[in-house]
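Q: How does the following fold in three dimensions:
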Amino acid sequence: MNIIIFQAFRATVVLGIAIFAFASDALAAPVLTPATATRVTENSATIIGHVSNPQKNSTVWFELFNKSGAVTAVAVQGIWNDGTFEWNLRDLNQGETYSFRSAAMEGGVTVYSPTSSFTTVVPKVAVPVTTTTSPSGVSTPTSATKTTKAVETTTVEKKATATPVVTSEGFTNNNSAAIIGAGSGLFPTTLIGWIILIIAILAVVLLGQMVNESIEKRKKIAEEKKKEEAGEDIE
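A: Below is the predicted model of the structure:
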């Protein structure tokens with residue numbers, strides 16, 4: 001029994017060391033600074049993000065939100081260590097607010113920056129000015145009376161073509177920022193899920209081994225007892 005306890009303790013220690021070494025490396029998720037927008041005009045803008053992930057390669061992209069909350073991913077690229085990435089948005093509507101954020105993924109962990117927003121510029125309407133001449137010959141500027149005509153307009157929401165984010169590892173931007181999840185199939189899709197699965201498998205194997213050794217020990221004791229009883233019958 002002492003041997004079984006020692007083996008179980010040794011297996012637990014080895015497993016703990018392996019999990020700690022694996023998790024400390026894999027859980028080093030990328031770090032994103034808040035995304036910003038610059039060069040905002042009537043129908044265009046440039047969004048900028050920055051990622052930091054020492055000695056690792058990160059897959060980064062931007063996510064744009066439309067009025068219904070649907071997400072469009074753009075500017076998918078890989079950055080080693082740390083760096084700035086940006087994307088130019090075109091064909092935007094005047095005076096409309098757009099929300100966006102940056103995202104990064106490495107080692108199966110996806111992180112997002114806080115959501116930012118910007119509003120496109122609305123052009124100023126020039127008011128025409130006319131002059132009137134008084135009897136004394138002095139010209140006085142006066143504001144012209146503007147006559148406006150009602151025109152029916154139709155607002156069309158412009159949508160960008162969605163670009164799915166898929167890397168060589170097979171992960172997509174559908175991954176959650178949380179690192180605990182069961183996954184949609186037979187196997188987990190997150191690091192913690194895999195660790196829990198490995199621990200459960202090893203625990204089942206270890207328990208099975210302990211039960212098997214206990215059964216074998218009982219069989220051995222029973223056989224020795226039978227031999228002793230058979231020897232006593234012969235005498």
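
Q: hey, what's Thr38 bridged with?
A: Thr46 (DSSP bridges).

Q: how many neighbours does it have?
A: 10 (other CB atoms under 10 Å). Every residue, glycine included, has its C-beta placed from N, CA and C.

Q: can you pull the contacts of it?
A: Thr38 makes contact with Ala45, Thr46, Ile48, according to CB atoms under 8 Å, 6 or more residues apart in numbering.

Q: I'd guess Lys67 is in a strand, am I close?
A: No. Per DSSP: H, G, I helix; E, B strand; the rest coil, Lys67 lies outside any strand segment and is coil.

Q: okay, now it: neighbour count?
A: Count around Lys67 with other CB under 10 Å applied: 11.

Q: quick one, domains of this structure?
A: The chain breaks down into these domains under automatic domain parsing: 1-27+179-235, 29-124+157-177.

Q: Any idea what Asn53 is bridged to?
A: Residues in beta-bridge contact with Asn53 (DSSP bridges): Asn81.

Q: and if you look at Glu106?
A: Val109.

Q: Give me the pLDDT value at it.
A: Glu106 is assigned a predicted lDDT (pLDDT) of 92.

Q: quick one, what contacts it?
A: Per CB under 8 Å, 6+ apart, neighbours of Glu106: Ala29, Pro30, Asn53, Lys56, Asn57, Ser58, Thr59.

Q: Lowest average pLDDT across the domains of the chain?
A: domain 1-27+179-235 (a mean of 68).

Q: Compare the contacts of Glu106 and tell me which has the most neighbours.
A: That'd be Ser58 among the contacts of Glu106, by other CB under 10 Å, with 25 neighbours.

Q: and it, that one's in a helix?
A: No. Going by three-state DSSP, the assignment for Ser58 is strand, not a helix.

Q: how much space between it and Asp82?
A: Counting by CB to CB, to the nearest Å, the gap from Ser58 to Asp82 is 9 Å.

Q: joint contacts of these two?
A: With CB under 8 Å, 6+ apart as the test, Ser58 and Asp82 both reach Val51.

Q: which other helices and strands contact the longest helix anywhere in the chain?
A: Using DSSP state H to define each element, the chain has its longest helix at helix 191-234. Judged by 3 or more CB pairs under 8 Å, 6 or more residues apart in numbering; DSSP states H and E, helix 191-234 is in contact with helix 2-26.

Q: which other residues reach the next helix or strand after the helix it packs on?
A: Downstream of helix 2-26, the first helix or strand assigned by DSSP states H and E is strand 31-32. With CB under 8 Å, 6+ apart as the test, strand 31-32 has contacts from Gly49, His50, Val51, Ser52, Asn53, Ser102, Ala103, Ala104, Val111, Tyr112, Ser113.

Q: Quick check: neighbours of strand 31-32 in the sheet, parallel or antiparallel?
A: By DSSP bridges, strand 31-32 pairs with strand 45-65 (antiparallel).

Q: list the contacts for the residue lying closest to Gln94 once chain neighbours are set aside?
A: Spatial nearest neighbour of Gln94, excluding adjacent residues (CB to CB, 6 or more residues apart in numbering): Glu42 at 4.9 Å. Counting by CB under 8 Å, 6+ apart, Glu42 touches Leu92, Gln94, Thr120, Val121, Val122, Pro123.
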